[in-house]
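S.K.: One predicted model, sequence on top.
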Amino acid sequence: QRRIQQMAFNFNSYMKQFDSRLADADARITSCEVNLTEQLNRATTKFATSATRHYNSFTEYASQSFAKFQANITDYTEQVLATQRTKIMDMHTANHLKIQFDIREAEKTFNDRLEQAIERAIQEILTTADDATDNINAQAEHIIQQAKGSYDPASPLHASSWKYAEPKPSKMFPNVDITQFSSVSKPTDAPEYHQHIKMGMDEQEDDCAEHEPMFPSIGQFSLPHSDSTEQLISLPPVSHTDMLKRVHLPYPCREQSYIWYLQLKSNANQYGIYLIGTEEFKKDKSLCPTTIYGIKITLARYHDMKGTLYHFLAQRSIISTDHTDLRNIINWHAVSTDGYHVLYEIMQRIHPALDPEALFTAPMSSALESMLFCFYQYFT
């Protein structure tokens, strides 16, 4: 029993020791856990701090690299633009100087040619005036001799008079056909003619007290252009450059197309480009007349007129970009460059005779007032 008690006492002591050791182990484990937790927290904090620092460094490096790249791109673009701008300015300056030089040379050439033409014209005018003066003096002397009765049949004054001279080609008007002038027969040198003239002069001397001296009658001669039925030889040439430079007739609007067409017809007529009247409008009929002043319009003449008319209408100062439909018509005929077709399609939009199948609404009173005002301005 004593052993059992001692064994129980020993067991109790052993259990106490075990409990104390277990408590010590728990304490140590707890302290280890605390230490491990602290170490993990410190490691986590350090890792987070390091990661944040590296992220900030990477972000800063990326921002700096992007900013540097953007600055390099901007600088390179500015350099390229500056270089191109300098080249363009140099080219513009060179072209401007070249154009100025060409204009000065053209003006100099034009002035030289103009001075030469004026000088030749003045010389011809003076020569013609001198010849006319000499002929008039000779004719006056001839008339005075006839009046005084001192007519000399052998005198060549009457035969060399300007009235009997053959027409000569003019340098100022080279297009004039001298063969169209009426030829005047010179007085004959036959003795019978001189005898007849002498007898007439004798009779005139006998009646000089009662009658005035008889001067030659103008009606005896066929003067140039005296025939009223004479027709024009040819039409004036087409003045392409003058038409484009001097005629400024912008297209107003749809309601004023009639007045615009009449003004265009009147202005183009001065530069050798002809249009038919609005009363002659018919469907599928060209706006180019077939004859002018009885002269037939040839195919070559038609090509000259239609090209000039197209380039005139194609100017943006005449038909602006606001009229998109009209600009489309002009672009459609860019290959043929037929101004008559363009003008036909423009007038077809507002004239019933050119498009009988189209429906035209009745104009408003305001449009009629504007049209009447335009007609009043045009005809007054």
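M.R.: Received, thanks. As the structure is a prediction and not an experimental result, all values here were calculated from the model. Residues are numbered from 1 along each chain as shown.
S.K.: Mind checking what secondary structure Ala353 has?
M.R.: Assigned with DSSP: H, G, I helix; E, B strand; the rest coil, Ala353 falls in the coil class.
S.K.: So Leu264 sits against Leu275, correct?
M.R.: Yes - between Leu264 and Leu275 there is a contact under CB atoms under 8 Å: 7.0 Å. Every C-beta, even on glycine, is put in place using the N, C-alpha and C of the backbone.
S.K.: Quickly list what's touching both of the two.
M.R.: Residues touching both Leu264 and Leu275 by CB atoms under 8 Å, 6 or more residues apart in numbering: Leu343.
S.K.: what stretches of this structure score poorly on pLDDT?
M.R.: Residue ranges of the chain with pLDDT under 70: 148-233, 358-380.
S.K.: need the strands for it, in chain order.
M.R.: 291-292, 295-296 (DSSP state E).
S.K.: Could you dump the ones you listed into JSON lines with mean neighbour count and distance to His311 added?
M.R.: Shown next, in JSON lines, are these (neighbours: other CB atoms under 10 Å; distance: least, CB to CB, whole Å):
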{"stretch": "strand 291-292", "mean neighbour count": "12", "distance to His311": "21"}
{"stretch": "strand 295-296", "mean neighbour count": "12", "distance to His311": "24"}
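S.K.: Put together a markdown table for these, with distance to Ile29 on each row.
M.R.: Listed next are the strands of the chain as a markdown table, based on distance: least, CB to CB, whole Å:
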| stretch | distance to Ile29 |
| --- | --- |
| strand 291-292 | 126 |
| strand 295-296 | 128 |
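S.K.: And these: which comes nearest His333?
M.R.: strand 291-292 (23.6 Å; CB to CB).
S.K.: List the contacts of the closest one.
M.R.: By CB under 8 Å, 6+ apart, strand 291-292 touches 235, 274, 297.
S.K.: Distance from it to the middle of the chain?
M.R.: 28 Å (CA atoms, centre = their mean, to the nearest Å).
S.K.: Same question for stretch 301-318.
M.R.: The chain centroid and the centroid of stretch 301-318 are separated by 9 Å under CA atoms, centre = their mean.
S.K.: buried ones in it?
M.R.: For stretch 301-318, burial by neighbour count (16 or more other CB atoms under 10 Å) applies to 301, 304-310, 312-314, 318.
S.K.: what does stretch 132-145 give?
M.R.: By neighbour count on 16+ other CB under 10 Å, the buried set for stretch 132-145 is 135, 138-139, 142-143, 145.
S.K.: Narrow those residues to those in helices?
M.R.: The helices, defined by DSSP state H, take in 135, 138-139, 142-143, 145 from the buried residues of stretch 132-145.
S.K.: Same list, those residues, but as TSV with distance to Glu124 please.
M.R.: What follows is these, written out as TSV (distance: CB to CB, whole Å):
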residue	distance to Glu124
Asn135	16
Ala138	21
Gln139	22
His142	26
Ile143	28
Gln145	31
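S.K.: Ser336: which of the residues you listed is nearest?
M.R.: Asn135 (55.1 Å).
S.K.: Tell me where the stretch 51-200 of the chain has helices.
M.R.: 191-206 (DSSP state H, counting those that start in this stretch).
S.K.: Widest-spaced pair of the buried residues of stretch 301-318?
M.R.: By the measure CB to CB, Arg301 and Ile318 form the most distant pair in these, at 22.6 Å.
S.K.: And the contacts of stretch 238-250?
M.R.: For stretch 238-250, contacts defined as CB under 8 Å, 6+ apart pick out 260, 263-264, 267-268, 271-273, 301, 304-305, 307-308, 311-312, 315, 317-320.
S.K.: That stretch spans what distance, first to last residue?
M.R.: End-to-end distance for stretch 238-250: 21 Å, by CA to CA, to the nearest Å.
S.K.: Centre of the chain to that stretch, how far?
M.R.: Distance, centroid of stretch 238-250 to centroid of chain: 9 Å (CA atoms, centre = their mean).
S.K.: Please point out which parts of it sit buried.
M.R.: By 16+ other CB under 10 Å, the buried positions in stretch 238-250 come out as 238-240, 243-244, 247.
S.K.: Pick out the residue closest to the middle of the protein.
M.R.: Computing the C-alpha centroid of the chain and ranking residues by CA atoms, centre = their mean puts Gln315 first, at 4.2 Å.
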